[in-house]
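Asker: attaching a predicted model along with its sequence, questions to come.
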Amino acid sequence: MLRKAQWLILLLLTLSIKERTFINIHMNQKDRGPSCVHLDQVVKNVNPKTPEGCEECLQMGSTWVHLRLCLNCGHVGCCDQSTNKHGTKHFHSSGHPIIRSYEPGENWKWCFIDEIFKE
């Protein structure tokens, strides 16, 4: 009968490089949860371009539910519960992956690329 270590070695030898890399990454993360290089790279504070509300909704005369701030350029857009979803539309048009809540008392961030939420 194979010992646990021998079995693991045989298993690893049958996996592709991509599969081994995936396993290695997730074994090394342990209890840290999923990681995101985009969230880890956010270090600068940005000033909101339109601190009074969603840039496009203000131009259109529309309303919003919640606001989101792009941490790359300072664009203020409305959330996905809002009719126009300008925060997500900004990501699709600009490629800027990280937003944070622009609501008082909320301090979370979201990465559109990795779909990871971080408080």
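Answerer: Nice, thanks for sending it over.
Asker: going by C-alpha atoms from here, please, whenever you check contacts or count neighbours.
Answerer: Will do.
Asker: so the nearest residue to Lys109 once chain neighbours are set aside, which of the three states?
Answerer: Leaving aside its chain neighbours, Lys109 sits nearest to Arg100 (4.1 Å; criterion: Cα to Cα, 6 or more residues apart in numbering). Put simply, Arg100 is strand when judged by DSSP: H, G, I helix; E, B strand; the rest coil.
Asker: got the contact list for Arg100?
Answerer: Applying Cα atoms under 8 Å, 6 or more residues apart in numbering, we find Arg100 in contact with 68-71, 107-110.
Asker: partners of it in the sheet?
Answerer: Leu69, Lys109 (DSSP bridges).
Asker: from His38, how far out is it?
Answerer: Note on Arg100: its distance to His38, by Cα to Cα, to the nearest Å, is 13 Å.
Asker: give the buried residues for stretch 47-56.
Answerer: Using 16 or more other Cα atoms under 10 Å as the test for burial, stretch 47-56 gives 48, 53-56.
Asker: mind listing what Leu67 touches?
Answerer: Leu67 makes contacts with 53-54, 76-79, 87, 101-103, as judged by Cα under 8 Å, 6+ apart.
Asker: let's go with 6 Å and repeat that
Answerer: 77-79, 102 (Cα atoms under 6 Å, 6 or more residues apart in numbering).
Asker: try Asp40
Answerer: With Cα under 6 Å, 6+ apart as the criterion, no residue contacts Asp40.
Asker: what about it, which SS state?
Answerer: Quick answer, by three-state DSSP: Asp40 is helix.
Asker: in this protein, which helix or strand is least confident?
Answerer: Of all helical and strand segments in the chain, the minimum by mean pLDDT, DSSP states H and E falls on helix 17-29, at a mean of 54.
Asker: hang on, Gly87 in a helix?
Answerer: Yes. When three-state DSSP is applied, Gly87 is found to be in a helix.
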